[in-house]
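Participant: okay, structure incoming, though there's no sequence with it:
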DNA sequence: ATCATTTTGAGAGAGTTTATCAATTTCAAT
DNA sequence: ATTGAAATTGATAAACTCTCTCAAAATGAT
Ligand SMILES: [Mn+2]
Ligand SMILES: [Mn+2]
Ligand SMILES: [Zn+2]
Ligand SMILES: [Zn+2]
């Protein structure tokens, strides 16, 4: 699996180049761990990486995840009360279904909803820049 | 205006009665101030009330607004990074359009979107308990 | 290899919300 | 009206999450 995540690595490299930032051991390490996740908190990332690299600082995790957001590889999302970084490197816009029982997160896209959002915005004289749609409930397993 | 907000006052009284809680001067005061707002932060509430009652504690504001949430008079909502308490005493479910230029908040309801949300949930085996839909953008005034 | 520039790690600090606890207030029962 | 158990308050400490600071280390263009 030596050439896994090469595309994302290249995207990071490109962002770094454009902003006179440097490619560090930590940035590579955090990126490869991050790309194995779908949605993860900075704290969880910190504990996970601490196993192999106990001296990695929490501030570095935050800084780096925020850097990934700037580079378009991640998006910070506030689910409930916790902030999770969404691995968006290999996907486009999507919204979320969140199980309050087991924390499971399902991603979805619905063009009709997106269209109706635009309609609502237009009716009120708004131009939408971003939006957030989260459906909270119980998944089929947790319902029983 | 002596009989303004009597219905909400009664709803609070009912909630207090059911949970062996007491009606205090502070709770009456905070409720009447809260009902004059649409969406307000705890901090803003604190500063506003400090003018007439400088000894009201911030913890009491938080405790009381959370009590209003339990009583169904308020709902805590996380807009962007700040938490606002939404005065829902006289309205049903609704979602929000938020101007990132001037902070203006417009409430809306769209049955079609609600229906499609249910559809998405069903398709994924979920039962929705709550949801959050926020559209961020610029209002007509801020666009120019 | 040099060295200006960027990054890191550790801890301090900021912002927001909750917990603690002695003093005060409420309210149901006299 | 008085009493007294229980709830509430205000001040402040604490918790939590995230950002800032800064000396030391790493990076990468030359
Ligand atoms: Mn996602
Ligand atoms: Mn509202
Ligand atoms: Zn579940
Ligand atoms: Zn505006």
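Facilitator: Alright, I've got the coordinates. Everything numeric here is computed off the predicted structure, so don't read it as measured data. Numbers count the residues shown, from 1 in each chain, chains lettered A, B, ... in the order given. Ligands and ions are numbered 1, 2, ... in the order given.
Participant: would the longest strand belonging to chain A count as contacting ligand 4?
Facilitator: What stands out as the longest strand in chain A, according to DSSP state E, is strand A:127-138. No. Using CB under 5 Å from the ion, strand A:127-138 never reaches ligand 4; the gap is at least 10.3 Å. In short, each C-beta sits where N, CA and C put it, glycine included.
Participant: direction included, what does that strand pair up with?
Facilitator: Take DSSP bridges as the rule and strand A:127-138 pairs in its sheet with strand A:95-99 (parallel), strand B:127-138 (antiparallel).
Participant: which parts of chain A sit against ligand 1?
Facilitator: Remark: the part of chain A in contact with ligand 1 comprises A:86, A:107, using CB under 5 Å from the ion.
Participant: which residue is nearest the centroid of chain A?
Facilitator: Against the mean C-alpha coordinate of chain A, by CA atoms, centre = their mean, the closest residue is residue A:86 at 1.4 Å.
Participant: beta partners of it?
Facilitator: On DSSP bridges, the residues paired with residue A:86 through beta bridges are residue A:39, residue A:75.
Participant: which residues does it contact?
Facilitator: Under the criterion of CB atoms under 8 Å, 6 or more residues apart in numbering or on different chains, the contact partners of residue A:86 comprise A:38, A:39, A:74, A:75, A:76, A:77.
Participant: stretch A:28-46 close to DNA strand D?
Facilitator: Yes. Interface with DNA strand D: stretch A:28-46 contributes A:41, A:42, A:43 (CB under 7 Å from any atom of the strand).
Participant: so which of those are in helices?
Facilitator: Counting by DSSP state H, the members of the residues of stretch A:28-46 next to DNA strand D that fall within helices are A:42, A:43.
Participant: quick check, nearest of the residues of stretch A:28-46 next to DNA strand D to ligand 1?
Facilitator: Of all these, residue A:41 has the smallest distance to ligand 1: 13.4 Å, by CB to the ion.
Participant: wouldn't that closest one be in contact with residue A:82 here?
Facilitator: Yes. Counting by CB atoms under 8 Å, residue A:41 touches residue A:82, with 5.8 Å between them.
Participant: now do the same for residue A:1: its pLDDT.
Facilitator: Turning to residue A:1, the model gives it a pLDDT of 56.
Participant: the residue in chain A that ligand 1 sits nearest to and residue A:134, how far apart?
Facilitator: When distances are taken as CB to the ion, chain A reaches nearest to ligand 1 at residue A:86, 4.1 Å away. Computed as CB to CB, to the nearest Å, the residue A:86 to residue A:134 distance reads 12 Å.
Participant: same check on residue A:102?
Facilitator: Shown here: residue A:102 relative to residue A:134, a distance of 16 Å by CB to CB.
Participant: who has more neighbours, those two?
Facilitator: Neighbours of residue A:102 and residue A:134, each counted by other CB atoms under 10 Å in any protein chain shown, are more numerous for residue A:134; the result is 18 against 11.
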